[in-house]
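Novice: sequence? don't have it. structure:
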């Protein structure tokens, strides 16, 4: 909660999380460790591709570059914990995953979905470690970026749809397999894309 109060002292929005009109959603990213530029670039493209059927667009920003007094019609904030790059602690050194360990989680206060989410980069790296290790070294950051994009898109769904409910399939499903995060394609179900489209249209 302290983080929420601190961020809102420097950033302001109307706290309505459904985009309307042509203005994109501001996505602020805060990294505990310096990320891989390639992984983050791939992550942004993956999210834009997943969200394309819903008509949502995004303005990607680094939290460290924020300016006092900035105001945004719609914004979400992601804190990336651990190493968001393939260089760093090896997958074995990161240790085994616990059962049902979260890859990311979105803040909730008094039953309301907040526009703040934490992404566990090291947990994601452990989860897809075999896929990263088997990839061409030049493509490993892209594999990680794609997985990050799918995890972040899932959390965005909760924020933008203002729901704790999960879908039966696709990106909004409660559980993602390793294949889901590394396969060539992974999207929202048509029903979930329609939900986001309807929410967007209702505010235009």
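Specialist: Structure received. Since the structure is predicted, the reported quantities are computational estimates derived from the model, not experimental observations.
Novice: elements contacting the host helix or strand of residue 114?
Specialist: Here residue 114, judged by DSSP states H and E, is contained in strand 112-120. Using 3 or more C-beta pairs under 8 Å, 6 or more residues apart in numbering; DSSP states H and E, the elements in contact with strand 112-120 are helix 2-10, strand 75-81, strand 104-109, helix 140-161. (C-beta placed from N, C-alpha, C; glycine too.)
Novice: over to residue 83: give its phi and psi.
Specialist: Main-chain dihedrals, residue 83, degrees, to the nearest 10: phi -100, psi 110.
Novice: in terms of pLDDT, where does the residue nearest to the spatial centre of the chain sit?
Specialist: Centroid-nearest residue in the chain, with C-alpha atoms, centre = their mean: residue 152, separated by 1.6 Å. On the pLDDT scale, residue 152 is placed at 98.
Novice: now residue 147. Nearest residue, chain neighbours left out?
Specialist: residue 181 (4.0 Å; C-beta to C-beta, 6 or more residues apart in numbering).
Novice: burial count for the one you found?
Specialist: Neighbour count for residue 181, taken as other C-beta atoms under 10 Å: 21.
Novice: is residue 26 within a helix or a strand, and which one?
Specialist: Using DSSP H and E, residue 26 sits within strand 25-31.
Novice: output the helices and strands packed on strand 112-120 as JSON lines; include the columns distance to residue 35.
Specialist: Listed next are those as JSON lines, based on distance: least, C-beta to C-beta, whole Å:
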{"stretch": "helix 2-10", "distance to residue 35": "19"}
{"stretch": "strand 75-81", "distance to residue 35": "7"}
{"stretch": "strand 104-109", "distance to residue 35": "15"}
{"stretch": "helix 140-161", "distance to residue 35": "9"}
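Novice: most packed of the ones you listed?
Specialist: Of all the helices and strands packed on strand 112-120, helix 140-161 has the most neighbours on average by mean count of other C-beta atoms under 10 Å, namely a mean of 24.
Novice: across the sheet, point out what pairs with residue 72.
Specialist: Beta bridges link residue 72 to residue 13 when assigned by DSSP bridges.
Novice: can you give me the end-to-end span of stretch 83-101?
Specialist: 17 Å (C-alpha to C-alpha, to the nearest Å).
Novice: and the pLDDT for residue 185?
Specialist: You'll see residue 185 listed with a pLDDT of 95.
Novice: wait, a helix at it?
Specialist: No. When classified by DSSP: H, G, I helix; E, B strand; the rest coil, residue 185 is found to be coil rather than part of a helix.
Novice: picking that back up, quick check: mean pLDDT of the helix or strand following the strand holding residue 114?
Specialist: Next helix or strand after strand 112-120 toward the C-terminus (DSSP H and E): helix 121-127. Across helix 121-127, pLDDT averages out at 91.
Novice: just how off-centre is helix 121-127 within its chain?
Specialist: With C-alpha atoms, centre = their mean, to the nearest Å as the basis, helix 121-127 stands 14 Å off its chain's centre.
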